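# Provided below for reference: sequence and predicted model.
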Amino acid sequence: MPDVLLDLDAVTAGYNGVAAVRDLTLSVSAGEVVAMLGPNGAGKTTALLTMVGLLEPMAGSVTALGRPVRSRHTDKLVRAGVLLVPDDRGVFADLTVGEHFRMARAKADKVRLDFVLDRFPALRPLRDRRVGLLSGGEQQMLAIGKALLAEPKLLLIDEMSLGLAPKIVQEMLPGIRRLAKDENVGVVLVEQHVELALSVADRAIVLNHGRMVLEGAARDLLADRTKVQQAYFGAGGYADEEHEALPAEV
Ligand SMILES: Nc1ncnc2c1ncn2[C@@H]1O[C@H](COP(=O)(O)OP(=O)(O)OP(=O)(O)O)[C@@H](O)[C@H]1O
C-alpha cells in the first residue's frame, strides 16, 4: 500500500466564483514525482494553491499528510512539511544567500545545510552574496535549497524553469528526482518543458481548461508523445518550438 501524502478528491477551485480547476482527483505518494503539465492558463498554479491551503476549494477536498487542508492553517501545513516553491521563487533581492538559509531554518543545523549545499554546490561560495546579484539559475537553486532545509515531506514546485535556459533546467531536474527517491519526498512539479518534466517524473497529468485531460506513467507518455500533444492542443502539437528542443536521450 503506497504511503499517500497528498489526496485531492473532486476539487473545483477558482476565483470570484469562477472555476479555474474542475473536478480534479489526484494523489501523490511518498517518493513519487508527479509532473503537472498543461498550456498557459490551464489551472496548474490554481491547483498548487489549493494543495497548500492558499486557495479554498469551491467543491471537493484536499488532504495532505493525512490531515484535511484548510486555508486558515497554512502555517501548520508548512511546519508539517508541505512546502511550495512559487514561480517567482520567493526570494528577496536585498538579502544574502546565508540570510535566506537562516530565515528558512532558524535553528542552525550544519548537517542539513551541508546536505543542501552538496546538492547545489554552486551556492557554497555565494553565501554572502545578495540574491539580487545572483543569476536566475542560482536564485532557483536557492529557492529549492531553502525548501529542502526544512526537510519537506511534500514539495510542490511551480515552473522552476521560468526564465532559465533549458540546459540549467536539465542539470537541476535530476536532483529533484534524487531527492524524491533518497528522502522519500513526494514532489509535484509544474513544468513548461514537457519532455524534461516527463524525463524525471514517475507519473504525469495534463490539465487543460481546468480539467485533467490525461494521466499516465511518465515513461509511457514519453514513448507516445502524440497523446500529450493532443492533450495540449488537439491534433496540432506543442505551441512553442523551444519545448521540442529537448535532450535526445529522453
Ligand atoms: N487571482 C486570480 N484572479 C482571477 N483569475 C485568476 C487568478 N489567478 C489565475 N486566474 C485565472 O485562472 C485560470 C488558471 O490560471 P493558473 O495560473 O492556475 O494557470 P496555469 O496553468 O498555472 O497557467 P501558466 O502556465 O500560464 O502559469 C486562468 O484563466 C487565469 O487567468
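Okay, I see it. Residues are numbered from 1 along each chain as shown.

# so which bits of the helix or strand residue 226 falls within are buried?
Element membership of residue 226, judged by DSSP states H and E, is helix 225-233. Applying a neighbour-count criterion of 16 or more other C-beta atoms under 10 Å, one finds 228, 229, 230, 231, 232 buried in helix 225-233. Quick note: C-beta positions are derived from backbone N, CA and C, even for glycine.

# grab the nearest non-local neighbour of residue 152.
residue 83 (4.3 Å; C-beta to C-beta, 6 or more residues apart in numbering).

# centroid residue for the chain?
The centroid of the chain falls nearest to residue 157 when counting by C-alpha atoms, centre = their mean (1.9 Å).

# wait, it sits on residue 176?
Yes: assessed by C-beta atoms under 8 Å, residue 157 is found in contact with residue 176 at 7.1 Å.

# find residues that contact each of the two.
144, 187, 189 (C-beta atoms under 8 Å, 6 or more residues apart in numbering).

# and of the residues you listed, the nearest to residue 12?
Of all the shared contacts of residue 157 and residue 176, the one sitting nearest residue 12 is residue 189; the distance, using C-beta to C-beta, is 22.7 Å.

# and for whatever helix or strand the closest one lives in, what are the contacting residues?
Element membership for residue 189 (DSSP H and E) is strand 186-190. By C-beta under 8 Å, 6+ apart, the list of residues contacting strand 186-190 from outside reads 5-6, 28-37, 44-45, 48, 51, 87, 153-160, 173, 176, 179-180, 197, 200-201.

# out of those, which touch the ligand?
Applying C-beta under 6 Å from any ligand atom to those, one finds that 44, 45 fall near the ligand.

# let's see which of the contacts of strand 186-190 end up in strands.
Here DSSP state E is the test, and the contacts of strand 186-190 give 5-6, 28-29, 33-37, 154-158 as lying in strands.

# neighbour-wise, which one of these leads?
Neighbours here mean other C-beta atoms under 10 Å. Within those, the largest count is held by residue 36, at 29 neighbours.

# low-confidence stretches in this protein?
The chain contains residues with pLDDT under 70 at 1-2, 106-108, 235-250.

# how about the residues of it near the ligand?
15, 20, 38, 40, 41, 42, 43, 44, 45, 46.

# what are the boundaries of the strands in this protein?
4-15, 18-29, 33-37, 59-64, 67-68, 82-85, 154-158, 186-190, 203-208, 211-217.
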